[in-house]
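Chemist: Fold the stuff below for me.
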Amino acid sequence: MYIFSLIEKITNELNLKKDIKDITIVDNIKFYLNKNKVIKIIKETNKENLTKEEKYIANLELSKYTLIDYILENNYKDNLLISLYFILGNAIFIDSTHFDAIVSEQQIFKLINDCIINNLSILINHSELYKFYNYFLIDSWIKTIIKKPIKKEDYYKISKLCKSDQDIRWKKYKYIWKKYNDTCLELRDYLYLIRDFYKDKKIKIVGCYSLGKNLYNLYNFYLESHLGLKVDIPKIEKWALKELDRLDRLMKDKLFIIDPTIDKTKSNVEIIKEIAKDQKYKSKEEFINHHKELIKKYEDIYLNRLNFKEYKNVNLIVFDDKDLAGGYYFDEVFYLNAANWKDTYKYTCESLILHETTPGHHLQVHPVKYVDQPNSLLYAYFGSIVNGFSEGWGLFSEKLGMNQTTWDKIGQLEYEIFRTLRIIVDIRIHYRGYKPKEMIKYMKKYLSLSNNEIESEVYRYVCLPGQAVAYKIGNHIFEIIIKNKGIKNLMDPKALEIYKELIHNGSMPLKFLLEKYNINQSELFN
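Modeler: So this is what the prediction gives:
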């Protein structure tokens, strides 16, 4: 008798796509909405028939913290409606299977709203979980929930369909956008009630720490869910603080190369503000063109010269949203946020391109559709478990630039300082009980990002415990893999072959990456 794998059982019972190339945003949302059913399937499955990877995920999913996470997961920084907006807010996706799936399963709008409203109701009526958030976070959700639709001319300009088919698509889009917008309005009305609930509750400490000792291990659960690895929190915090000091000193050395007259008693942020005036963009057009040039530069280097494999070209979509970060990668598309172009330094651009496109996410994430790996479907649905790998690779890729200026190196160091701060701030909010305003002030000492960007980042950490830690820890493990091979130059041909192997084998929980490369976890953060 044929024994179904765990993910095969789940996709069968939930009627989800089984070919990874066919998975749409609707499949991912349906998987999320049926969390209780997923847990039931796992409970009823004979664990002896599971692979080690499936057993690991099954044990995490059966944790008592899984349903708490389910209640808290939708928030103004990351919710199911934002997932839909990635499709409905970008012209390139109107002609995609993602859009077709939304049109075919329009009931998804009501299901999403019912889910979010039900969870918010549980939050304030049946538990102490409301302490995870505060008035500011709910008010921020209300202010950011309404989004702008695509402009007709933008769609017609980008679409490759014939005029009549474009007209049909656009008519469908207008109808679907109205349903989406009505859903956002309905949720916003409910959020006003939630905001009233919070109005008189003076909650200053938010996140996992606010929930008290009974839920003390919730943060450990979040960390493992994003890393695929159990970690010693005080140990990685101590390590991150030492890393921050090391990187800060390296940054000062690089700034001294730019200008030997700098006052070394000043912070790096102060020095940058004094000497980097020529690193600001003169126009939005210059900002966009610079990113386009760098995308082409690294395509030429990695695809043409170094023979890395690409299955489809990366697309670039430029958008404006001051509430979102500078860039994202999703489904072979790099989204460049031009909202803060006036506050962006040119020297950070190269690291962003390396991270999001080539040799970063585009070369590492998108091949999963085309390379037949045994756990690809499993990780496609249980996606957060490989954040440590995918985001770690993104950060590691920032070190793989070529023909760079000293300013480019400064940009790479600033981004790594940024990811190191993420560990410290995430831990201090969720494990130590620091207030967001304290952490905003702390980050400003080390980063030249705008106030809005830093504030947005800190509240992202509040809403998404553990996710921001994944970047630097995953990067650290990739560095150790190369170091253990005796390779000192990251662009050594031997190193390049390892990178190709890592990309080809696909993302995995960091626990299994350590096993594959015979790395002792106890030595990781010494």
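
Chemist: Run through who's touching stretch 248-255.
Modeler: Applying CB atoms under 8 Å, 6 or more residues apart in numbering, the contact partners of stretch 248-255 are 262, 264, 268, 271-272, 275, 406, 409-410, 413-414, 417, 446. C-beta: built from backbone N, CA, C; applies to glycine.

Chemist: quick one: buried residues of it?
Modeler: Asp248, Leu250, Met251, Lys252, Lys254, Leu255 (16 or more other CB atoms under 10 Å).

Chemist: buried set for stretch 69-80?
Modeler: Asp69, Tyr70, Ile71, Leu72, Glu73, Asn74, Asn75, Tyr76, Lys77, Asn79, Leu80.

Chemist: out of those residues, which one sits closest to Tyr209?
Modeler: Minimum distance to Tyr209 across the buried residues of stretch 69-80 is 13.5 Å, recorded for Leu72 (CB to CB).

Chemist: Domain map for the chain?
Modeler: Domain ranges of the chain: 6-214, 233-523, per automatic domain parsing.

Chemist: so how far does the first one reach from one end to the other?
Modeler: In terms of CA to CA, to the nearest Å, the two terminal residues of domain 6-214 are separated by 31 Å.

Chemist: Quick one: mean pLDDT over it.
Modeler: For domain 6-214, mean pLDDT rounds to 94.

Chemist: Go ahead and measure how far that domain is from the middle of the chain.
Modeler: 15 Å (CA atoms, centre = their mean, to the nearest Å).

Chemist: For the stretch 51-200 of the chain, which segments count as helices?
Modeler: Along the stretch 51-200 of the chain, the segments classed as helices by DSSP state H, counting those that start in this stretch run 52-61, 66-72, 80-88, 97-104, 108-125, 135-144, 152-158, 163-199.

Chemist: Relative to Phe512, which of those helices is closest?
Modeler: Comparison of the helices of the stretch 51-200 of the chain against Phe512 by CB to CB identifies helix 52-61 as nearest, at 6.8 Å.

Chemist: Check which helices and strands the closest one sits against.
Modeler: Here helix 52-61 touches helix 6-14, helix 35-44, helix 218-227, helix 376-381, helix 510-516, going by 3 or more CB pairs under 8 Å, 6 or more residues apart in numbering; DSSP states H and E.

Chemist: need the ones you listed in a markdown table with mean neighbour count, can you?
Modeler: What follows is the helices and strands packed on helix 52-61, written out as a markdown table (neighbours: other CB atoms under 10 Å):
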| stretch | mean neighbour count |
| --- | --- |
| helix 6-14 | 18 |
| helix 35-44 | 15 |
| helix 218-227 | 23 |
| helix 376-381 | 21 |
| helix 510-516 | 19 |
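
Chemist: Export the ones you listed as TSV, with columns for distance to Glu310.
Modeler: Listed next are the helices and strands packed on helix 52-61 as TSV, based on distance: least, CB to CB, whole Å:
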stretch	distance to Glu310
helix 6-14	27
helix 35-44	33
helix 218-227	27
helix 376-381	18
helix 510-516	23
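
Chemist: Which among those helices is found nearest to Asn181?
Modeler: Nearest of the helices and strands packed on helix 52-61 to Asn181, taken as CB to CB: helix 35-44 at 26.3 Å.

Chemist: Check which helices and strands the closest one sits against.
Modeler: So helix 35-44, by 3+ CB pairs under 8 Å, 6+ apart, packs with helix 6-14, helix 52-61, helix 66-72.

Chemist: Just the residues contacting that helix, thanks.
Modeler: Residues outside helix 35-44 that contact it (CB under 8 Å, 6+ apart) are Leu6, Lys9, Ile10, Glu13, Leu14, Phe31, Ala58, Glu61, Leu62, Thr66, Leu67, Tyr70.

Chemist: low-scoring pLDDT stretches of the stretch 301-450 of the chain, where are they?
Modeler: For the stretch 301-450 of the chain, applying pLDDT under 70 flags the ranges 323-325.

Chemist: Can you tell me which of the helices and strands packed on helix 35-44 is nearest to Ile176?
Modeler: helix 6-14 (22.6 Å).

Chemist: and the angle for that closest one with helix 52-61?
Modeler: Helix 6-14 and helix 52-61 are oriented at 60 degrees to each other (axes from the mean of the first three to the mean of the last three CA atoms, to 10 degrees).
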